[in-house]
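>>> this is a predicted model, with the sequence first.
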There are 2 protein chains.
Amino acid sequence: MGHVTGDGTVGKALAVLDQVAAFGRPVRFSELLAQSDFPKPTLYRFVQTLTNQQMLAYDPDRQTYAPGVRLVRLAHAAWEQSTLAPVARPHVDALSKAVGETVHLAQLDNAQVLYIDKRNAANPVQMYSQAGKVGPAYCTGVGKVMLAFLDDAATEKVIAQQSFHVFTEYTLADADALRHELEEIRAHGYGFDREEHEPGIICIAMPILSEGGRVLGALSVTSTTNRTNLAGLEAYEPVLRETAAKIARDAQNWSFPDYETKEATGI
Amino acid sequence: MGHVTGDGTVGKALAVLDQVAAFGRPVRFSELLAQSDFPKPTLYRFVQTLTNQQMLAYDPDRQTYAPGVRLVRLAHAAWEQSTLAPVARPHVDALSKAVGETVHLAQLDNAQVLYIDKRNAANPVQMYSQAGKVGPAYCTGVGKVMLAFLDDAATEKVIAQQSFHVFTEYTLADADALRHELEEIRAHGYGFDREEHEPGIICIAMPILSEGGRVLGALSVTSTTNRTNLAGLEAYEPVLRETAAKIARDAQNWSFPDYETKEATGI
DNA sequence: AAACCTTGTTCCATTATTTGAAACTTGGTT
DNA sequence: AACCAAGTTTCAAATAATGGAACAAGGTTT
């Protein structure tokens, strides 16, 4: 994995944090060491420091490290301030009510899709997606529509970072197939996921573009091949387009209420 | 917000990150500087580094910094691995269905309550909109029941860190009132929020205790004085107790699968 | 029960990074 | 044009990070 470590000690420590998170399960020091470029004492001290800081949590019974609770606190602030979620929320709610299917709101994070909000259908399909979860850009509806509307240089840079794992028989398996698909998407203004990531799961996706045409994020309505088909999903295109436009408009005007004293939380 | 800065450069950088998060809104460099102990170039470089690392996000139009999206990604890993949420999830779902009121799942983070999951009757699954939010321990149901079952030294340490802001006429306004309440809670095994935090909002709260009696977290069922009263909430005590026990049991047995290599075939 | 691992922890002289007073730039205001 | 506030860069001094080596604690084999 090519890390952009840089940024001195802080960058290195955060690389270690990412490394722990990437395991997806609590991990032992020796496991980290085995795949790390850092010498043992160096890695050891990073892990110690991060644990002290509650960026990692240490389980003494199992002798394992996992990402720590301080991140959950910090992420809440990030979610509210640095994502489309708070602006989009009412519109996503309305969309969800209107279509009665699972709705996703996503942004591009590096070369991946980051899901920042989700509304389940009334009778939800069990799918492996949640806010905070990342997914591949090249084989999801939201990923492709965001790629399609980046500028050429950015698109190519992101394409170069895709790993093109074949999930299903419909997965676009290489950069050229993806480029062709992106052209189609640009022509239509929106895109589909044709069971490219999970069998039986299809979606229609719409980019959220600023006035200047910059990609802010994407919306999708997901369903299954049991319940509907691409033509059925296409019926949602107008409401999706409308919702994306509203979110873009509100994002434009989004301004933070200045200098008011805020009370403690009310959940 | 007494931080343990320590931990060298990394600790200092994370203190800056907390400082930005604490503002609760995008913040200018000069605002950070005004309330910082760091000299200007030092703070400047920390902010630069964190922004490079996407732990902060810079808005060039408004010249402001906010917690960055990388945190949302990391937090998802933390939420799944270092909190009760994944273990508790099915039980919280069931509880929510059974009671038809808002359900909270919380843990203690430093001296504060950290909400890690929530179910609304209307809106089944959302995540960071509420998970990640922190609240005061001394005037919430979940906070008090967790305090009540810590060991004496820990309880006193946490009490010493409470700020005792008076939110309503029912707020427990000092350490002694709180200590008295904690004794009551220990006697009953569960507790209430009697409009102590927000007028009209009441709840019944149950600690989640390990076999050894260690505090793992807390559950609550919240309602309003319009809809019910404390006696009405008390009817939920059995199902709450049952749910807490199930979560504690599952947490005990919670073990992460595989210490095997999954590289059998090329991913 | 001694020798021998594997995993985790500490030491400390060397090396590299961080630090911050001062100076400079930029963009806006008087 | 002069001024001011906010942000950025410089560079020698101060400080913190580094990592080879050695040590400690469990567990396993001979």
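Looks like it came in fine.
>>> neighbours around the residue of the stretch 1-150 of chain A found nearest DNA strand C, how many?
Residue nearest to DNA strand C within the stretch 1-150 of chain A: residue A:8 (2.2 Å; C-beta to the nearest atom of the strand). Any C-beta I mention is one placed from the backbone N, CA and C, and that applies to glycine too. Residue A:8: 13 surrounding residues under other C-beta atoms under 10 Å in any protein chain shown.
>>> then residue A:39?
Residue A:39: 9 neighbours (other C-beta under 10 Å).
>>> who touches the residue of the stretch 1-150 of chain A closest to DNA strand C in this structure?
B:9, B:49 (C-beta atoms under 8 Å, 6 or more residues apart in numbering or on different chains).
>>> where does it land on pLDDT?
Per-residue pLDDT puts residue A:8 at 91.
>>> hmm, residue A:85 is touching residue A:115, no?
No - counting by C-beta atoms under 8 Å, residue A:85 stays clear of residue A:115, with 10.1 Å between them.
>>> identify the contacts common to the two.
With C-beta under 8 Å, 6+ apart as the test, residue A:85 and residue A:115 both reach A:105, A:131.
>>> for residue A:199, which residues are in contact?
residue A:168.
>>> name the helices or strands packed onto the helix or strand hosting residue A:183?
Taking DSSP states H and E as the definition, residue A:183 sits inside helix A:175-188. Contact analysis of helix A:175-188 by 3 or more C-beta pairs under 8 Å, 6 or more residues apart in numbering or on different chains; DSSP states H and E lists helix A:141-148, helix A:152-160, strand A:191-194 as its packing neighbours.
>>> can you put those in JSON lines and add mean pLDDT?
As requested, the helices and strands packed on helix A:175-188 are exported to JSON lines (pLDDT from 0 to 100):
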{"stretch": "helix A:141-148", "mean pLDDT": "98"}
{"stretch": "helix A:152-160", "mean pLDDT": "94"}
{"stretch": "strand A:191-194", "mean pLDDT": "97"}
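>>> is residue A:206 in a helix, a strand, or coil?
With DSSP: H, G, I helix; E, B strand; the rest coil as the basis, residue A:206 sits in strand.
>>> beta partners of it?
Legend: beta-bridge partners of residue A:206 under DSSP bridges are residue A:219.
>>> for it, give its distance to residue A:132.
According to C-beta to C-beta, to the nearest Å, residue A:206 stands 22 Å off from residue A:132.
>>> go on, residue A:69?
In this structure, residue A:69 and residue A:132 are 14 Å apart, going by C-beta to C-beta.
>>> neighbour count winner among the two?
Regarding residue A:69 and residue A:132, a neighbour count based on other C-beta under 10 Å identifies residue A:132 as having more, with 29 against 23.
>>> wait, what's in contact with that one?
A:75, A:114-116, B:72-73, B:75-76, B:79, B:127-128.
>>> now, which of these lie within helices?
A:75, B:72-73, B:75-76, B:79 (DSSP state H).
>>> can you narrow these to ones near DNA strand D?
Contacts with DNA strand D within these, counted by C-beta under 7 Å from any atom of the strand: none were found.
>>> which of those lies closest to residue A:12?
residue B:73 (18.4 Å; C-beta to C-beta).
>>> neighbours around the nearest residue to the closest one once chain neighbours are set aside, how many?
Excluding the flanking residues, the one nearest residue B:73 by C-beta to C-beta, 6 or more residues apart in numbering or on different chains is residue A:134, at 5.8 Å. The number of residues packed near residue A:134 is 18, by other C-beta under 10 Å.
>>> phi, psi for residue A:134 please.
phi -110, psi 150 (degrees, to the nearest 10).
>>> can you give the domain ranges for chain A?
Recorded structural domains for chain A (assignment: automatic domain parsing) are A:8-71, A:83-253.
>>> picking that back up, mean neighbour count, the helices and strands packed on helix A:175-188: which tops it?
Of the helices and strands packed on helix A:175-188, the one with the most neighbours on average (mean count of other C-beta atoms under 10 Å in any protein chain shown) is helix A:141-148, at a mean of 28.
>>> which strands and helices sit next to it?
strand A:102-109, strand A:112-119, helix A:152-160, helix A:175-188, strand A:191-194, strand A:201-209, strand A:215-224.
>>> who in the stretch 1-150 of chain A is up against DNA strand C?
Looking at DNA strand C, the residues of the stretch 1-150 of chain A close enough under C-beta under 7 Å from any atom of the strand are A:8-10, A:28-30, A:33, A:40-41, A:44-45, A:63.
>>> how about the contacts made by the closest residue to residue A:46 other than its chain neighbours?
Nearest non-adjacent residue to residue A:46, counting by C-beta to C-beta, 6+ apart: residue A:16, 4.5 Å away. Residue A:16 is in contact with A:32, A:36, A:38, A:43, A:46-47, A:50, counting by C-beta under 8 Å, 6+ apart.
>>> most neighbours among those, which one?
residue A:50 (26 neighbours).
>>> what about the residue nearest to that residue when sequence neighbours are not counted, distance to residue A:197?
Among residues not flanking residue A:50 along the chain, residue A:56 sits closest, at 4.3 Å (C-beta to C-beta, 6+ apart). The gap separating residue A:56 from residue A:197 is 31 Å, by C-beta to C-beta.
>>> now do residue A:176
For residue A:176, the distance to residue A:197 - C-beta to C-beta - is 19 Å.
>>> between the two, who's got more neighbours?
Neighbour count, other C-beta under 10 Å: between residue A:176 and residue A:197, residue A:197 has more, with 24 against 10.
>>> can you check the pLDDT for the residue nearest the centre of chain A?
What sits nearest the mean C-alpha location of chain A, by C-alpha atoms, centre = their mean, is residue A:114, with 0.6 Å. pLDDT recorded at residue A:114 is 94.
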